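In: My questions concern the predicted model and sequence given below.
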Amino acid sequence: MNFITKNKWFAVAMVMLILLNITTLTVFWWTKKGNQQEERLPQGGAMAFLVRELKLDSAQQQQLLVFRDEHRSATQEIRKKNREAKEVFFSLLEKDGITDIEINEAATVSARYDAELAKITFDHFKKIRSVCNAKQQEKFDEIIHEVLRMLAGPQGPPPPRDGHPPRGPHPDGPPPHERPEHEK
């Protein structure tokens, strides 16, 4: 006690620093907790495109996050089953003497999962459209196909018209059957 009475200013400064540290930590904790929902919104991709193009307010954005999470949980197991069905389907290539009936049955199983995923995705976008106002719904109708293309991912180049790979200079030259006689 003798130390504190001799150094009152030191004791006051220590208490003030401790209170300042506690206040700073509390502010950081509350700020981080409050921004967690905002951090969950992706910076790019289809969701950000929807938010930007439809000019969704914060309540609509939160609802969009809920819809996204519901969609993911609804489709996760179906996607897994669909992958397994496709693996079974393409493993039929390893069998000899496979019948058309077996091929059609395996293809039908995978097609059912594809159809189920399409319906869930349709309902998902129907929910998103339902939280939009009239002006946003008009814009939604204009951009939905672009959103679907974004979700589908890159599609690769179109196939060649004649069924052959594109021709062009090859580092080894043309195939032997197309080389002039003096180069063979």
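Out: Cool, the structure landed. Numbers count the residues shown, from 1 in each chain.
In: Return the distance of the host helix or strand of residue 66 from the chain's centre.
Out: Using DSSP states H and E, residue 66 sits within helix 58-91. Centre-to-centre, helix 58-91 and its host chain are 10 Å apart (C-alpha atoms, centre = their mean, to the nearest Å).
In: do stretch 96-113 as well
Out: 30 Å.
In: That stretch - what's its average pLDDT?
Out: Average pLDDT, stretch 96-113: 92.
In: If you count neighbours, what's buried in that stretch?
Out: 106, 109-110, 113 (16 or more other C-beta atoms under 10 Å). Bear in mind the C-beta positions are built from the backbone N, C-alpha and C, glycine included.
In: Equivalent analysis for stretch 141-156, please.
Out: By neighbour count with 16+ other C-beta under 10 Å, stretch 141-156 contains the buried residues 147, 150.
In: any chance you could map the helices in the protein?
Out: All helices of the chain, identified by DSSP state H, fall at 2-6, 8-40, 45-54, 58-91, 100-130, 134-152.
In: Point out the most buried one among those.
Out: By mean neighbour count, with neighbours taken as mean count of other C-beta atoms under 10 Å, helix 45-54 ranks first of these at a mean of 16.
In: Return the angle between stretch directions for that one and helix 134-152.
Out: If you take axes from the mean of the first three to the mean of the last three C-alpha atoms, to 10 degrees, helix 45-54 sits at 160 degrees to helix 134-152.
In: heads up, I number from 12, so please use that
Out: All set: I'll call the first residue 12, so the last point we hit is now helix 56-65.
In: which residues sit against helix 56-65?
Out: Identification of contacts with helix 56-65 by C-beta atoms under 8 Å, 6 or more residues apart in numbering yields 52-53, 67, 71-72, 75, 79, 139, 143, 147, 150-151, 154, 157-158, 161-162.
In: where does the protein dip in pLDDT?
Out: Along the chain, the model assigns pLDDT under 70 to residues 12-17, 21-22, 43-55, 165-195.
In: measure residue 150 to residue 62 for me?
Out: 12 Å (C-beta to C-beta, to the nearest Å).
In: go on, residue 147?
Out: Distance of residue 147 to residue 62, given as C-beta to C-beta: 11 Å.
In: Also residue 33?
Out: Separation of residue 33 from residue 62 (C-beta to C-beta) stands at 37 Å.
In: need the contact list for residue 124.
Out: Taking C-beta under 8 Å, 6+ apart as the test, what residue 124 contacts is 89-90, 92-93, 96.
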